[in-house]
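A.B. asks: Have a look; sequence and predicted model below, questions after that.
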Amino acid sequence: MQDTEGSNARPFQVDLGGVVDLLGRHIYSGAHVYLRELLQNGRDAIAARAKVSGQQARGSIEIFPVGTIPDSPEEFVFRDSGQGLSAAEAGELLATVGRSSKRDDVLNLRDEDYLGQFGIGLLSCFMVSDRIVVRSRSVHGHPPVEWAGAADGTFSIRELPEDEAAGLAIGTEVRLSPRPDDAALLAPEKVLRLARRFGRYLPVEVRVRRTDDAWDTANELALFLPQERPADERSAAAALEEFGEELIQHRPLETIELSVPATGTQGVAYVLPYAPPPGARRSGELYLGRMLLGEDLSELLPEWAHFVRCVINTEGLHPTASREQLVADEALEYTREEIGKALRRWIVQQATTRPARFERFVAVHDLGLKSMAVHDDDLAAAVLPWLTVETSVGRMTVHDYLEQSRHVRYVETVDEFRQIAAVVPTEHPVINGGYTYESDLLRRLPLLVEDVTVEQVQVGSILDELAPPPMDDRSSTSALERRASAVLAELGCEAVVRSFRPGDVSALHVADAAAIRRIERTEVRDSAPGVWADVLGGVDAITAGKPGLASRGTTARLCLNWQNTMIRQLSNVDDQVVFDRSVRLVYVQALLAGHRPLSKTDRTVLTTAMSDLIQLSVGVTG
């Protein structure tokens, strides 16, 4: 596989054209990764040299973008101060694509610290150049070597005479001649941006040459790693917060330290000061050996961890061939579980020791916490008492509700809650379980908290709890029920009279789930084309004809409050026109008070009743 006498071209052991197409279309996310692969190879080579010498020298990488080399302005040059290659090593690494066992044997890279796959990484450069030239001088004193590969699938290896290798230091140099369409990826500004994106936290110096012969340094301190922060605790905290503000473009609520020693994983999680949109991906920055792996952390973070943005570096997890994702193995699963435990510990600690901060956290991430608690019993037991719910007596925490009553009552939907919230006795409040996750959590309360019972309340049962009118008034209230039910029959509603507080509530429009579905079908049927109107009418007919289904099951009820002065006066109205219009107005008022949308029929009722009453009040007859 080597030729020390000449440059006889030999074919690769694979179809290079097919490999390049595979790299560009199916493995790498784009041609820009060529620089990441070169940086990774350079980092590996420097680490290997340090291991051979027994010294932890920082090493360096120098990058000459297109237009920065006076005697060769069309070339791109990448140099590292790593251990270099001999002719035999170049043959093994560069002629046998992706054979990592050979790579490990040649470079002594069995240690998991060395992540590069030199051969396939170098081939990524064919996505921006038709020719790659590698020149290298080995730390072991072997003659310098040149490897040249072309996109047509041929390569050559030769040892360089010293006159040609003059000025070639120990390490490796890669030269590319970019294709015209890809030249922008190798231009100075783009190269500097890519170097900073991929390699700013590398433990080796990365410098990029400018057109004015000066240098830009790509490196920055990895402040998300404890060992790179200022020694002073206050300065370290300030630097970490500033780092987080730059990451999420807002001042984070809190910072959570993450550490999984078993897989060499470290980093920080920043608690967002805003609620992310539903379905937002778990994002941040993930580094492997301090090289950027990607910005999607869905593989590494639990599904419920939408309230944080993380910056994490790992030394022990394994990358896929593209080095843009992690291999789904036991190590990854273990790391994800440990990060989840760290986030849960932080939440529980805030809830139990820092209630003011936790209250601020809950105010922002209430929905996210509920989604977590649904799937995590330990977390639910710790945080559920501190989550807020809407009740018939106002918003309160679950803890405050349980202090008042150990018997939890809730309705399943927002519609049901709006219908009955105003008349539920304050000593037995009802929770609105119609919001996302809340019914699920409430049903699990007995499993999480001792001596708690939970009851799903039906709207009809609340109506049944309301007191009937006094016996002395029964004749008046019975007559009112009959007269009002006759008026409301065409609206699919019947009237009942009850006595309840508060007295300023004149009536309640009460409809169970079946009645609401019937009302909605009627509204759709009235506006649907003929054939669909017939279908919906048939559904109502079938439902109405089912054996054992009482008419009340799909009939709404208008519950008139006998403690209300207007309702008492209404029972004494003899003028049938005034009575009819007044009952219809009370009906529409109850719909609006319950936040029920008005149907076309309801709007007609409102308009007609208002017009008639206005005419009657000014003495106009027609």
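C.D. replies: Sure, I can see it. Numbers count the residues shown, from 1 in each chain.
A.B. asks: For the longest helix seen in the chain, list the C-alpha coordinates in CSV.
C.D. replies: Using DSSP state H, we find that the single longest helix of the chain is helix 330-353. Taking C-alpha atoms only, helix 330-353 is exported to CSV below (Å, rounded to 0.1, in the frame of the first residue of the first chain):
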residue,chain,number,x,y,z
GLU,A,330,-26.5,1.8,27.4
ALA,A,331,-24.1,4.6,28.1
LEU,A,332,-26.4,7.2,26.5
GLU,A,333,-29.4,5.8,28.3
TYR,A,334,-27.6,5.9,31.7
THR,A,335,-26.4,9.5,31.0
ARG,A,336,-30.0,10.6,30.1
GLU,A,337,-31.3,9.1,33.3
GLU,A,338,-28.7,10.8,35.4
ILE,A,339,-29.3,14.2,33.9
GLY,A,340,-33.0,13.6,34.5
LYS,A,341,-32.3,12.9,38.2
ALA,A,342,-30.3,16.1,38.5
LEU,A,343,-33.1,18.2,37.1
ARG,A,344,-35.6,16.5,39.3
ARG,A,345,-33.4,17.0,42.4
TRP,A,346,-33.1,20.7,41.6
ILE,A,347,-36.9,21.1,41.2
VAL,A,348,-37.6,19.3,44.5
GLN,A,349,-34.9,21.3,46.3
GLN,A,350,-36.5,24.6,45.1
ALA,A,351,-39.9,23.4,46.1
THR,A,352,-38.9,22.5,49.6
THR,A,353,-36.2,25.0,50.5
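A.B. asks: What helices and strands are in contact with that helix?
C.D. replies: strand 254-260, strand 265-271, strand 308-314, helix 355-375, helix 377-383 (3 or more Cβ pairs under 8 Å, 6 or more residues apart in numbering; DSSP states H and E). For every residue, glycine as well, the C-beta is placed using N, CA and C.
A.B. asks: Skip ahead from the strand or helix carrying residue 147 and say which helix or strand is next.
C.D. replies: Using DSSP states H and E, residue 147 falls within strand 145-150. Next along the chain after strand 145-150, taking DSSP H and E as the criterion, comes strand 154-159.
A.B. asks: Can you list the buried residues in that next one?
C.D. replies: By 16 or more other Cβ atoms under 10 Å, the buried positions in strand 154-159 come out as 155-159.
A.B. asks: picking up where we left off before, mind putting the helices and strands packed on helix 330-353 in CSV, distance to residue 81 and mean pLDDT included?
C.D. replies: Shown next, in CSV, are the helices and strands packed on helix 330-353 (distance: least, Cβ to Cβ, whole Å; pLDDT from 0 to 100):
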stretch, distance to residue 81, mean pLDDT
strand 254-260, 32, 96
strand 265-271, 27, 96
strand 308-314, 23, 96
helix 355-375, 47, 84
helix 377-383, 49, 78
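A.B. asks: Looking at these, which is nearest to residue 320?
C.D. replies: Residue 320 lies closest, by Cβ to Cβ, to one member of the helices and strands packed on helix 330-353: strand 308-314, at 13.8 Å.
A.B. asks: Residue 174 pairs with what?
C.D. replies: For residue 174, the beta-bridge partners are residue 78, residue 134 (DSSP bridges).
A.B. asks: Check which helices and strands the one helix or strand residue 193 maps to sits against.
C.D. replies: Using DSSP H and E, residue 193 maps to helix 188-199. Contacts defined by 3+ Cβ pairs under 8 Å, 6+ apart place helix 188-199 against helix 33-53, strand 60-64, strand 205-209, strand 291-296.
A.B. asks: Reformat these as a markdown table; add mean neighbour count and distance to residue 194.
C.D. replies: Supplementary listing: those in a markdown table, determined by neighbours: other Cβ atoms under 10 Å; distance: least, Cβ to Cβ, whole Å:
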| stretch | mean neighbour count | distance to residue 194 |
| --- | --- | --- |
| helix 33-53 | 23 | 5 |
| strand 60-64 | 22 | 9 |
| strand 205-209 | 20 | 9 |
| strand 291-296 | 20 | 10 |
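A.B. asks: Now render the ones you listed as JSON lines, adding mean pLDDT and distance to residue 564.
C.D. replies: As requested, these are exported to JSON lines (pLDDT from 0 to 100; distance: least, Cβ to Cβ, whole Å):
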{"stretch": "helix 33-53", "mean pLDDT": "89", "distance to residue 564": "74"}
{"stretch": "strand 60-64", "mean pLDDT": "96", "distance to residue 564": "82"}
{"stretch": "strand 205-209", "mean pLDDT": "96", "distance to residue 564": "79"}
{"stretch": "strand 291-296", "mean pLDDT": "91", "distance to residue 564": "59"}
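A.B. asks: who wins for proximity to residue 383 among these?
C.D. replies: Comparison of the helices and strands packed on helix 188-199 against residue 383 by Cβ to Cβ identifies strand 291-296 as nearest, at 27.1 Å.
A.B. asks: hey, C-alpha coordinates of the closest one in CSV?
C.D. replies: Below are the C-alpha coordinates for strand 291-296, written out as CSV (Å, rounded to 0.1, in the frame of the first residue of the first chain):
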residue,chain,number,x,y,z
MET,A,291,-15.9,19.6,19.6
LEU,A,292,-19.4,20.7,18.7
LEU,A,293,-21.5,17.6,18.0
GLY,A,294,-24.8,19.3,17.5
GLU,A,295,-27.5,21.6,18.8
ASP,A,296,-30.3,19.0,19.2
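A.B. asks: State the paired neighbours of it in the sheet, together with their directions.
C.D. replies: As assigned by DSSP bridges, strand 291-296 forms pairs with strand 283-288 (antiparallel).
A.B. asks: Once you drop chain neighbours, what's closest to residue 73?
C.D. replies: Excluding the flanking residues, the one nearest residue 73 by Cβ to Cβ, 6 or more residues apart in numbering is residue 67, at 5.4 Å.
A.B. asks: got it, and residue 290?
C.D. replies: Counting by Cβ to Cβ, 6+ apart, residue 201 is the residue found nearest to residue 290 once chain neighbours are left out, at 4.5 Å.
A.B. asks: Need the pLDDT of the one you found.
C.D. replies: Note for residue 201: predicted pLDDT of 96.
A.B. asks: give the contact list for residue 282.
C.D. replies: 296-298, 300-301, 303, 305-306, 310 (Cβ atoms under 8 Å, 6 or more residues apart in numbering).
A.B. asks: Excluding sequence neighbours, find me the nearest residue to it.
C.D. replies: residue 301 (4.3 Å).
A.B. asks: my read: residue 457 touches residue 411, true?
C.D. replies: Yes: using Cβ atoms under 8 Å, residue 457 makes contact with residue 411 at a distance of 5.3 Å.
A.B. asks: Residues that sit against both of the two, list them.
C.D. replies: The overlap between the contact sets of residue 457 and residue 411 (Cβ under 8 Å, 6+ apart) consists of residue 430.
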